[in-house]
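A.B. asks: Structure of the sequence below:
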Amino acid sequence: MDQVSKKSNASLQSELHAFILEFYQDHELNKFRYDETKRYFDVPVIGYADGDDPIFESYKNVVCKNHLTPREAYSKIRPDENPKKLTVISILLPQTKEVRDSNRRHRQDSPIPSYDWVDVKVRGREMQAKLNNAIVGILASNGINSFATDSTELIHAKFKTDPLSVDIQWSERHIAYAAGLGTFGLCGNIITEKGKAMRCASLIAAVEFPVTPRPYQHYREYCLFYPNGECKACIGRCPVSAISESGKNIELCKERIWAGKPIVTEKYDLMEHGCGLCQLSVPCEAGIPARKK
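C.D. replies: This is a model prediction of the structure:
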């Protein structure tokens, strides 16, 4: 798709939205390495949030005290600018059933996930970087400055130097929640219309785009465990008992994931890691689960 020319914000947003959806359809990185008929990702889910929405300030209490607001993040990357308006673009890439099935077939006592489950992270990261560059370019051609948060060392520096740290400056899942894309489950993953096995990314742009409404009243609204314990499926899916009725033990979860990384590298020759069992064979795997009437 050719880059769009300067136009109204709503029109630009519409064309940008269409560009993102089209980008993934037949991209070479969205095809399995050994079977080009299979895809890693389904159609993306996209949401937009006002960069000055008060919800971002609340994340300093909800996530961690060092979590940045979009305006703080923008100021770190572009300290000489003070745009009147900011929009956060949240992009979720749902993993296909083929990817999910590959990991579902893996034994729960295996120290590592399936090859496809690991490779989807590698390919997803590469493809997201290409998309981010394209989005930044499209916006720049319309006189709008922007940047992708996952390519910004200033925002993710703490997590990259200490993978077991929960003291992060930018939570993509919480950004997706603010952008109207889903609510949180007992295991900490965000549950969306496409389920919860997905890659999350975001960009911050110095523009005012129409925002995506948040169609929920509570941050746990899509999880069947709340409010009466109707579902506990993800608890039984965790091989190290990191999930309980109190939520997820982040440190225990990450310890398992990172302990398996050397094995993944040796067996698959991929510099990645993962687990994902709590995202599979649960009611919210591929969509928002229906509650019992």
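A.B. asks: Please report phi then psi for the most centrally placed residue in the chain.
C.D. replies: With distances taken as Cα atoms, centre = their mean, residue 200 lies nearest the centre of the chain, 1.5 Å away. Backbone torsions for residue 200, taken as degrees, to the nearest 10, come to phi -110, psi 140.
A.B. asks: cool, residue 255 as well?
C.D. replies: Per-residue torsions, residue 255: phi -60, psi -40 (degrees, to the nearest 10).
A.B. asks: sorry, back to before: pull the contacting residues for the residue nearest to the centre of the chain.
C.D. replies: 90-93, 172-173, 175-176, 190 (Cβ atoms under 8 Å, 6 or more residues apart in numbering). All C-beta spots, glycine's among them, are computed from the backbone N, C-alpha and C.
A.B. asks: a markdown table please, covering the residues you listed and showing secondary structure, distance to residue 205 and pLDDT.
C.D. replies: Listed next are these as a markdown table, based on DSSP: H, G, I helix; E, B strand; the rest coil; distance: Cβ to Cβ, whole Å; pLDDT from 0 to 100:
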| residue | secondary structure | distance to residue 205 | pLDDT |
| --- | --- | --- | --- |
| 90 | strand | 12 | 97 |
| 91 | strand | 12 | 96 |
| 92 | strand | 17 | 96 |
| 93 | strand | 19 | 94 |
| 172 | helix | 16 | 93 |
| 173 | helix | 20 | 93 |
| 175 | helix | 13 | 96 |
| 176 | helix | 16 | 97 |
| 190 | strand | 22 | 95 |
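A.B. asks: Relative to residue 212, which of the residues you listed is nearest.
C.D. replies: For these, the minimum distance to residue 212 (Cβ to Cβ) is 8.3 Å, reached by residue 90.
A.B. asks: show me the contacts for the residue lying closest to that closest one once chain neighbours are set aside.
C.D. replies: In space, and not counting its chain neighbours, residue 90 is closest to residue 179: 3.8 Å by Cβ to Cβ, 6 or more residues apart in numbering. By Cβ under 8 Å, 6+ apart, residue 179 lies in contact with 47-49, 88-90, 202, 211-212.
A.B. asks: The same query, at a cut-off of 10 Å, please.
C.D. replies: For residue 179, the residues meeting the contact criterion (Cβ atoms under 10 Å, 6 or more residues apart in numbering) are 45-50, 53, 55, 87-92, 202, 211-214.
A.B. asks: Can you say which of the residues you listed are buried?
C.D. replies: 45-50, 53, 55, 87-92, 202, 211-212, 214 (16 or more other Cβ atoms under 10 Å).
A.B. asks: Against residue 256, how distant is residue 263?
C.D. replies: 12 Å (Cβ to Cβ, to the nearest Å).
A.B. asks: intersection of neighbour lists for the two?
C.D. replies: 111, 273.
A.B. asks: pLDDT below threshold where in the stretch 51-200 of the chain?
C.D. replies: Within the stretch 51-200 of the chain, the segments meeting pLDDT under 70 span 151-167.
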